[in-house]
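here is a sequence with its predicted model. Questions after.
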Amino acid sequence: MSEAGAIGLQWAWLAPAACIGAFGALALPALLRRNLPRSGVLLAVGAIGFSFVLFWFLLNSLLNGAQRDFTVSWFDAGGDAFDLGLTIDPVAMVMMGVITFVSLLVQIYSLGYMRGESRLAWYFAVHSLFAASMLGLVLTNSLLVLYVGWELVGICSYLLIGFWYERRSAAEAAKKAFITTRIGDVGLLVGILLLYYKLDTFHIPTILSEVQAGALSDGVMTLSAILIFLGAMGKSAQFPLHVWLPDAMEGPTPVSALIHAATMVVAGVYFVARMLPLFEAAPAVSELVIAIGLVTAVMGATMALTSNDLKRVLAYSTVSQIGFMILALGHGALAAAMFHLATHALFKALLFLGAGNVLHAIGEHSDVDIRRLGGLRARMPVTSVVFIIAALALSGIPPLSGFWSKDEILQAIWNNGNPATLVITIVAFFLSALYMTRLVWLVFFGKLKPENQSAHEAPAVMTGPIALLGVLTLVFGFTAPDWLDNVLSLPGEATGFASFVLDKADSFHEHVVLAAISSVVALAGIAFGLALYRHDLKLPEGVDRALAPVRTLASNKYYLDDAYQWAIDRVVLATGAATAWFDRYVVNDTGVDGSGKITALTSRVLRRHQTGQVSNYILVISAGALIFVVAITLAA
Amino acid sequence: MTTVLVFFLILAAMTMIGAIGTVTARNVVHAALFLILSLLAVAGLFVLLLAEFLAIVQVLIYGGAITILLLFALMLTRARESTLKLDNNQRVIAFLATGAIFAALTVIFLLSDWPDPIQDPQRPGFTGIAEVLFQQWAIPFEVASLVLLIALIGAIVISRPGPEE
Amino acid sequence: MIAIEYYLVLGAALFAVGVYGVLVRRNAVLILMSIELMLQAVNINLLAFSTYLIPRGDTEQHLGFIFAIFVITIAAAEVGLALGIVLRIYRNRSSVNVDELNRMKW
């Protein structure tokens, strides 16, 4: 990497701009009901490809220490100036890499998966808009712009979940996702406004330095951190706002891979990482973050274990894995969280795309019961191999990427957390290995079902991306340890992932005992899974009975959906009905109509005076003139 | 009681009889004739007020032109054939209002402190009026003639039958 | 010369009668006649003021006379125009009763 190839980091704006351009070029004809040539969708792929290339140039500049913070004036309103700006720090750079790379692969994959769709141009248009808004979200240094991007990715998610809106369940799921995340977004907006109210700026670096300088009172910091975390909980599907993510699987599978596994759902993680100094300054909130992350991780894992839908298992797994990231952030382990974010993006995108291949093979789009599948390994060699690699990575088998990132999370808890958290996390790791084993075994091993005899491997345009992801899943973990520097003798101080993200000579601290524990736990999970599903191991009756309530609880999604439904039916709708009644009969009839009625009533009385008889008018005029004359005379 | 006062009272009585007749007559033509009586009496009053020229103008324009015009209007609108009442139903209140106006004006006039009348008032004569009118008031006079002309044209345009009639 | 109040009170009476006519008459032509009565009252007052109150040699010599001439002029124009309008109304509505001309209400 040479200085000659370096470009200024301010050119990062070209990436979202290119994607917005592609969105415009594709969406306009789609909205005008004009058909673009089918090859027109290559515009979107080209734009995101350009962004991916740009990412490497920017990375080069960043490593060479280019200027990172840029601001231009956006508009002035009253005395307040609103700025547009970029802050390209390593955290943003990791996100940009993940977004551009996964987007590129998913869009290429979609060329095959979505072949023959009638609204293909619209599909790619929204993909481009998503990429643009996601890039804008991560690259900006203004909370205002971030919020705009935050909402835009929400809209894209809504549009893509409901892409097959002819299906009622898809439309419902899209609404559910949008509304549930909105609950968190309200908190985010209030939090942003609170910070603006107190600090009079949207500029993130300024806010963070003010926070570190102690410019805010404890109460304000705690409140704004909680509110911002609320937004992150909604977007990143954390308990208790995680309910939308499984339903979001109604969308096309590449969408699940991109938005609901690799990028949008980790926006919350990214945002918390960005605002980490604020959370560190509010220890109480950190405790909350840890608690939420832990609950989500365990709950997601158990639900993944009991779910029977191919994509929903992966969705619950995503919920659980993001829980780990949040958990790491709660312990202040920025590098560990970002590393797990990156590795998870790779292997979870792979898993979803692999699941997409399976669906493609059996000719379905979603809602596939994994107990109906089996034995697909022989029919789909490439898919099954990379899927298994990704599953092993997720389980945390060394030396795959997931092992390293999970290990770092354990490390962070070991250093800063309490033992109970550590134990629960290890249990969650065990469950991760268990549910992945279950999934892999039920889908790819065992006997091929008769109805799936026609299953076939996907075309190269679909296997290519997942093969690439598989290779990365294998090797990406090696960027973690700092011994890489020593072995390869790379120039510079330290090139491990941690030192890159933390922006200083730091590294992950491998702890041999912890690494051994997590490996053993992962292997135990896999072994237990194989015993259960391959060899039909029957649990001892007592254990089985003891687990039955948990199983019931998990397979019913902890009754959260039912609770929400109850709350909506009984509380929200009832309140709405009462409010509507109040509005209709009190506000409307007395307040709004009342003033109108008073006017009408008065006019009905008063208009009698307007007889239309000129004589009457003249009479009144005469009387008026008389009064006038008398008044003047008396005054004189 | 001077001669002037006698003449004044006679003319005033004629004026008021004519006026009251105009507003109370049950026949529209009678009303017009009462009006002529009133106008002629006013012309006599003008003579008492040393304005012979205005008296002549009064007789010519009011007594001649305007009354004839009114009679033509009555004829063209077939007012005599109408069997409807000539008055509306606010006579009492109108009488009260009118009485109040008269009372107020009279009280004001009688209570006002008028300067002593000029004992030898100037009689303008035809020449005097002409001099003032065509020297001091020439421009208003011309404007008034323009107004008359426009009113004339307007009256013709308004009363001419339209293409649909 | 008699006192000015005679003329003024006569003018007030004449004016009041004219107002009464305007108030009670239904026929538009009769209303016009009543208006003429009111104008006569005004003219009497103008002439009385001019004769009684303007001293000899004043710059506003014969002002009342001039005003009276203009009043007569304008009255002539007004009557001509008003009768044109009355004829027009009669042709459209077959009536010159002003209490039937009550479309412009409410």
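Alright, I've got the coordinates.

can you tell me which helices and strands the helix or strand harbouring B:Leu69 packs against?
Taking DSSP states H and E as the definition, B:Leu69 sits inside helix B:67-76. Counting contacts by 3 or more CB pairs under 8 Å, 6 or more residues apart in numbering or on different chains; DSSP states H and E, helix B:67-76 packs against helix B:28-48, helix C:28-53, helix C:63-93. For glycine as for every other residue, the C-beta is placed from the backbone atoms N, C-alpha and C.

what secondary structure does A:Val72 sit in?
Reduced to three states with DSSP: H, G, I helix; E, B strand; the rest coil, the structure at A:Val72 is strand.

so where is the stretch 51-200 of chain A shaky, pLDDT-wise?
Within the stretch 51-200 of chain A, the segments meeting pLDDT under 70 span A:66, A:78-79.

all helices of it, in order?
A:90-113, A:120-139, A:143-161, A:168-199 (DSSP state H, counting those that start in this stretch).

same question for the stretch 351-500 of chain A.
Going by DSSP H, counting those that start in this stretch, the stretch 351-500 of chain A shows helices at A:381-395, A:401-416, A:419-444, A:460-475, A:483-488, A:497-502.

worst-scoring helix or strand of the chain, pLDDT-wise?
With no chain named, the answer covers chain A. Counting by mean pLDDT, DSSP states H and E, chain A has its least confident helix or strand at helix A:483-488, which shows a mean of 48.

oops, wrong one, chain B.
Lowest by mean pLDDT, DSSP H and E among the helices and strands of chain B is helix B:125-131, with a mean of 84.

residues in contact with that one?
By CB atoms under 8 Å, 6 or more residues apart in numbering or on different chains, the surrounding residues in contact with helix B:125-131 are B:Glu52, B:Phe53, B:Gln122, C:Gln61, C:His62, C:Phe65, C:Ile66, C:Ile69.

in three-state terms, how would the fourth one be classified?
Just to be clear, that refers to C:Gln61. C:Gln61 - assigned by three-state DSSP - is coil.

ok, now which ones touch it?
C:Gln61 makes contacts with B:Gln122, B:Pro124, B:Gly128, B:Val132, C:Ile54, as judged by CB under 8 Å, 6+ apart.

mind pulling up the pLDDT for it?
You'll see C:Gln61 listed with a pLDDT of 74.

that one and chain A, how far apart?
Noted for C:Gln61: a distance of 28 Å to chain A, by CB to the nearest CB, to the nearest Å.

equivalent analysis for the fifth one, please.
C:His62 is 28 Å from chain A, where distance means CB to the nearest CB.

neighbours of that residue, just the number please.
When neighbours are defined as other CB atoms under 10 Å in any protein chain shown, C:His62 has 25 of them.

okay but it is in contact with B:Pro124, surely?
Yes - using CB atoms under 8 Å, C:His62 is in contact with B:Pro124, at 4.9 Å.

show me what contacts A:Ser256?
Residues in contact with A:Ser256, defined by CB under 8 Å, 6+ apart, are A:Ala248, A:Met249, A:Lys311, A:Leu314, A:Ala315, A:Phe352, A:Ala355.

can you tell me the element it falls in?
Secondary structure (DSSP H and E) places A:Ser256 in helix A:253-257.

mind telling me which of the helices of the stretch 351-500 of chain A the model trusts least?
Of all those, the minimum mean pLDDT falls on helix A:483-488 (a mean of 48).

quick check: mean pLDDT across the helix or strand that the least confident helix or strand of chain B is followed by?
Per DSSP H and E, helix B:125-131 leads on to helix B:138-159 as the next helix or strand towards the C-terminus. In this model, helix B:138-159 has a mean pLDDT of 89.
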